[in-house]
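S.K.: Sequence and predicted structure are below.
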Amino acid sequence: MNYSDPLFQSLYEETTALLASLIETPSMSKEEEKTGDLIAAFFEKKNIKTHRKGNNIWAYNRHFDSKKPSILLNSHHDTVKPNAGYTKNPFKAILEDGRIYGLGSNDAGGCLVSLIGAFCYFYEKEIPYNLILAATAEEEISGKNGIESILNELSELELAIVGEPTLMQMAVAEKGLLVIDAIVKGKAGHAAREEGENAIYKALDDLNKIRDYQFEKISPYLGNTKVTATIIQAGSQHNVIPDVCTYTLDVRVTDSYTLEEVFAELKNILQAELTPRSLRLNSSKVPEGHKILEVAKTLGLETYGSPTLSDQALIPYPSVKIGPGDSARSHTADEFIYLKEIQEGIQGYIALLEKYFQLP
């Protein structure tokens, strides 16, 4: 398919218009109802039946057959809040110099509409796979009412393609996230006398270990699992030895470890009482020998391991992350995506799926 093909041009124009509407409809996490309505209306206009749970919208290709394996095309329609650095209206789709500006244009509106374009391209066709398009909520906060809430509504998946801005390079692995709250207890006393047990100093012993700590296993794609102290709180008065110090750890976990293994290892070396906030956000890696790796090789797509979190962490099936746009633009002021990137995104997803269908 080339850009002058009438079907491609129609899909490009329709999905770009949808992106503009999404930009102009605020959809911060947990507040995506109206963008969900827009997406459902887009499909209804094309006579494609949709399903809805909360603010998640999904659809199946016309010739869905439970005997065929299924591929999920997934991206999100929630956004972060606009930051104070915007010089353009974040809720206005502004076309300028071959770009479309607006909150969520790059992360991940361009990916979402490109996946929708590819899904519509294959919707009527007889293909050897089922396609499921899911536009999901709460990705930016890894919320429980997002992709996780509809997985049991879908058929078992051979592959999930998660749309995030990657410059159309393919992330075949992604780090998971473990956030740990820590409490170190001491004993209160007067700062002027040799009294008490300073919880700050006890916490510093832990933090020094964390600063230099190296997990032994190294992932070929994702490198080292990394633990970082990000928050610390203690004390209420200048003349009182604090009896409690709390700190927070951000742990980016590779496919070499489970979240539980990392938690147990840290618990073994630290004196603080540790509590994990969640054990949901797992690392992911495409299994060796999976057909999508051959597709990437055949199409000349660069593969890499991603340090950033996406809905991949919540999908318990083989998955890759790929999409138009640049991750470096995500969450920045005056966010934008190039119109050409959307064209290339639709075409790239179609080429990827066509090649996947062809391989045994």
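M.R.: Right, received. Where do you want to start?

S.K.: where do the helices sit along the stretch 1-150 of the chain?
M.R.: Secondary structure of the stretch 1-150 of the chain, counting by DSSP state H, counting those that start in this stretch: helices at 6-23, 33-45, 110-122.

S.K.: ok now the last one, how far from the chain's centre?
M.R.: Yep, that's helix 110-122 we're talking about. Relative to its parent chain, helix 110-122 has a centroid offset of 18 Å by Cα atoms, centre = their mean, to the nearest Å.

S.K.: Give me the contacts around that helix.
M.R.: Outside of helix 110-122, the residues within contact range by Cβ atoms under 8 Å, 6 or more residues apart in numbering are 7-8, 11-12, 14-16, 18-19, 22, 39, 42, 46, 48, 59, 61, 73-77, 131, 133, 135, 161, 163-165, 323-325, 337, 341-342, 345-346, 348-350, 353. In this view, the C-beta of every residue, glycine as well, is placed from N, C-alpha and C.

S.K.: Quick one: buried ones out of the residues you listed?
M.R.: Of the members of those, the ones counted as buried by neighbours, 16 or more other Cβ atoms under 10 Å, are 8, 11-12, 14-16, 18-19, 22, 39, 42, 48, 59, 61, 73-77, 131, 133, 135, 161, 163-165, 323-325, 337, 341-342, 345-346, 348-350, 353.

S.K.: Low-confidence regions, the stretch 51-200 of the chain specifically.
M.R.: Residue ranges of the stretch 51-200 of the chain with pLDDT under 70: none are present.

S.K.: go with 80
M.R.: When the per-residue scores of the stretch 51-200 of the chain are filtered using pLDDT under 80, the ranges that remain are 194.

S.K.: Strands along that one, start to end?
M.R.: 51-53, 56-60, 70-76, 94-96, 99-101, 130-136, 157-162, 170-174, 176-185, 189-190 (DSSP state E, counting those that start in this stretch).

S.K.: how about this protein, which residue sits the furthest from its center?
M.R.: Computed with Cα atoms, centre = their mean, the residue of the chain farthest from its C-alpha average is Arg193, at 51.9 Å.

S.K.: mind checking the backbone torsions on that residue?
M.R.: Here is the backbone geometry of Arg193 (degrees, to the nearest 10): phi -120, psi 160.

S.K.: so how many other residues sit close to the closest residue to Tyr12 other than its chain neighbours?
M.R.: Counting by Cβ to Cβ, 6 or more residues apart in numbering, the nearest residue to Tyr12 once its immediate chain neighbours are dropped is Gln343, at 5.7 Å. Other residues within reach of Gln343 by the criterion other Cβ atoms under 10 Å amount to 20.

S.K.: Checking Gln343 next. Helix, strand or coil?
M.R.: Classification of Gln343 using DSSP: H, G, I helix; E, B strand; the rest coil returns helix.

S.K.: what does the model give it for pLDDT?
M.R.: On the pLDDT scale, Gln343 is placed at 95.

S.K.: correct me, but it touches Glu13?
M.R.: No: under the criterion of Cβ atoms under 8 Å, Gln343 is not in contact with Glu13, lying 10.5 Å apart.

S.K.: what's the most centrally placed residue in the chain in contact with, if anything?
M.R.: Here the mean C-alpha position of the chain is nearest to the C-alpha of Ser310 (Cα atoms, centre = their mean), at a distance of 1.5 Å. Under the criterion of Cβ under 8 Å, 6+ apart, the contact partners of Ser310 comprise Glu139, Val162, Glu164, Glu174, Lys321.
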